[in-house]
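Asks: Provided below for reference: sequence and predicted model.
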Amino acid sequence: MKRIRITHHTQYHYHEPVSFGLHRAMMRPREGHDVHIASGRVEIEPRANVRWLRDVYDNSVAIVSFEEPGRELRIFSEVDVDLYHDAPIDCLIDPGARTFPFQYAPNEQLELMVYRLPSYPYDGPALQTWLSELYCPGQIIETFDLLNRLNSRIHDSLQYNERYAPGVQLPHETLELGSGSCRDYAVLMMEAARYWGFGARFVTGYIQLNEGQHGATHAWTEIYVPGAGWHGFDPTNNKRVGSEHVTVAVAREQEKASPLSGSWSGPADAFKRLVVSVQVVAL
């Protein structure tokens, strides 16, 4: 077990006071057998009421109602998290799913249906061409070998590009540009896995930085493998998700896992700048 502290500070600055609508914030890690929250605190300006709920994906969401206008919107979150290392999972895969292709069990097919449907169906032809170098119909391959190859191909064939613009590139755009952010990589891997019939979902969270790795706020992909369950792949850093990753939210599509969303009203030119600071350190 190890304990880390995640500090996330977001500040929106405006030239003059503006009014803030309802905001949704995802900043609390998803707890489970491998992640426990030891302590945490949240500070918000201007003065606001906060209520918590769990969305359809069981993510913990803060609903923020602001009581007054302001020239700055500030959300500060600090949380101490205990991480428990999982044993290797390769040996836990159901025998029938150790090689690809395989079929999900009937009861799992129903639950995984939405995670197997593509979010960008018109990108199918571009994915088919790109994936043909990794797998050909009729081929038998170890399931995790195939997924690891996909993970590595995204990392090795594309150029990482830290983008601050909202949203993601479509998978075919990432392939055409030959570059993308961690969000773009995660969406590309999610759609590629779905093209092969896997259940896959988008994940947002934090990563404890090591030399040569990108990002502190981060995004990756989880793929459902029978017996092993949901397992994460991080194409940005060409690795499987491990104890240095902390999940905050999962969703079928990336916009449903946005760390902060909401609205403000005021003059069109009132917005000044956005400052985001994130630290993930071992305690």
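Replies: Now that the structure is in, tell me what you want to look at.

Asks: helices or strands up against the host helix or strand of Asp156?
Replies: Element membership for Asp156 (DSSP states H and E) is helix 143-157. Using 3 or more C-beta pairs under 8 Å, 6 or more residues apart in numbering; DSSP states H and E, the elements in contact with helix 143-157 are strand 99-100, helix 182-195, strand 217-225, strand 229-234, strand 239-240. C-beta: built from backbone N, CA, C; applies to glycine.

Asks: now do that helix, average pLDDT.
Replies: Model confidence over helix 143-157, given as mean pLDDT, is 96.

Asks: likewise stretch 45-61?
Replies: 95.

Asks: mind starting the numbering at 615 from now?
Replies: Yes, from this point I'll number from 615; that puts the last item at stretch 659-675.

Asks: now it, how far from the centre of its chain.
Replies: 18 Å (C-alpha atoms, centre = their mean, to the nearest Å).

Asks: show me where the stretch 615-764 of the chain has its helices.
Replies: 720-730, 738-745, 757-771 (DSSP state H, counting those that start in this stretch).

Asks: ok now the second one, how far from the chain's centre?
Replies: When you say that, I think you mean helix 738-745. On the basis of C-alpha atoms, centre = their mean, helix 738-745 sits 23 Å off its chain's mean C-alpha point.

Asks: got the buried residues for it?
Replies: Under the neighbour-count criterion of 16 or more other C-beta atoms under 10 Å, helix 738-745 has Ala740, Leu741, Trp744, Leu745 buried.

Asks: scan this structure for its longest strand.
Replies: With secondary structure taken from DSSP state E, the chain has its longest strand at strand 616-634.

Asks: partner strands of it, parallel or antiparallel?
Replies: Sheet pairing of strand 616-634 (DSSP bridges) gives strand 684-697 (antiparallel), strand 878-879 (antiparallel), strand 885-896 (antiparallel).

Asks: list the buried residues in the longest one.
Replies: Which is strand 684-697. Under the neighbour-count criterion of 16+ other C-beta under 10 Å, strand 684-697 has Gly684, Leu687, Ile689, Phe690, Ser691, Glu692, Val693, Val695, Leu697 buried.

Asks: gap between the first one and Ile677?
Replies: Read that as Gly684. Separation of Gly684 from Ile677 (C-beta to C-beta, to the nearest Å): 18 Å.

Asks: go on, the fifth one?
Replies: Using C-beta to C-beta, one gets 15 Å for the distance from Ser691 to Ile677.

Asks: swap in the third one?
Replies: Counting by C-beta to C-beta, the gap from Ile689 to Ile677 is 13 Å.

Asks: again with Arg642
Replies: Relative to Ile677, Arg642 is positioned 13 Å away (criterion: C-beta to C-beta).
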